[in-house]
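S.K.: After the sequence you'll find the predicted model.
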Amino acid sequence: MLTINMAVLLTVIVILRLRRRTQSRTRVDEKLTVAIVLALGVLIAPTAVGHSILDFLTQLVNGISRAGQ
């Protein structure tokens, strides 16, 4: 039996949708892409990968804010 991780599936869909030309997108198409990205964020957030991304972004923001002082 083959199982598909929803986060991986949504990641592939987002990558395929973002590769399209910007001029050919409609507002409905853009809204659908945003909804898919939000769903992907909800699926990734509680995982170890989500925590790693959050830690990385936190360190990046802290580094940038220290450099600006």
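M.R.: Nice, thanks for sending it over.
S.K.: Need the mean per-residue confidence for the top helix by length along the chain.
M.R.: Identified as the longest helix of the chain according to DSSP state H is helix 48-67. Computed over helix 48-67, the mean pLDDT rounds to 86.
S.K.: Touching it from outside, list them.
M.R.: With C-beta atoms under 8 Å, 6 or more residues apart in numbering as the test, helix 48-67 has contacts from 44, 45. C-beta coordinates here come from the backbone N, C-alpha and C atoms, glycine included.
S.K.: buried ones in it?
M.R.: For helix 48-67, the neighbour count (16 or more other C-beta atoms under 10 Å) marks no residue as buried.
S.K.: With just CA atoms, put that helix into CSV.
M.R.: The C-alpha trace of helix 48-67 is given here as CSV (Å, rounded to 0.1, in the frame of the first residue of the first chain):
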residue,chain,number,x,y,z
ALA,A,48,10.2,18.8,13.4
VAL,A,49,10.8,20.5,10.0
GLY,A,50,8.5,23.3,11.0
HIS,A,51,10.3,23.8,14.3
SER,A,52,13.6,23.8,12.4
ILE,A,53,12.4,26.5,10.0
LEU,A,54,11.1,28.6,12.8
ASP,A,55,14.4,28.3,14.7
PHE,A,56,16.3,29.3,11.5
LEU,A,57,14.0,32.3,10.9
THR,A,58,14.3,33.4,14.5
GLN,A,59,18.1,33.3,14.3
LEU,A,60,18.1,35.2,11.0
VAL,A,61,15.8,37.9,12.3
ASN,A,62,17.8,38.3,15.5
GLY,A,63,21.0,38.5,13.5
ILE,A,64,19.6,41.2,11.2
SER,A,65,18.2,43.2,14.1
ARG,A,66,21.6,43.1,15.9
ALA,A,67,23.4,44.2,12.7
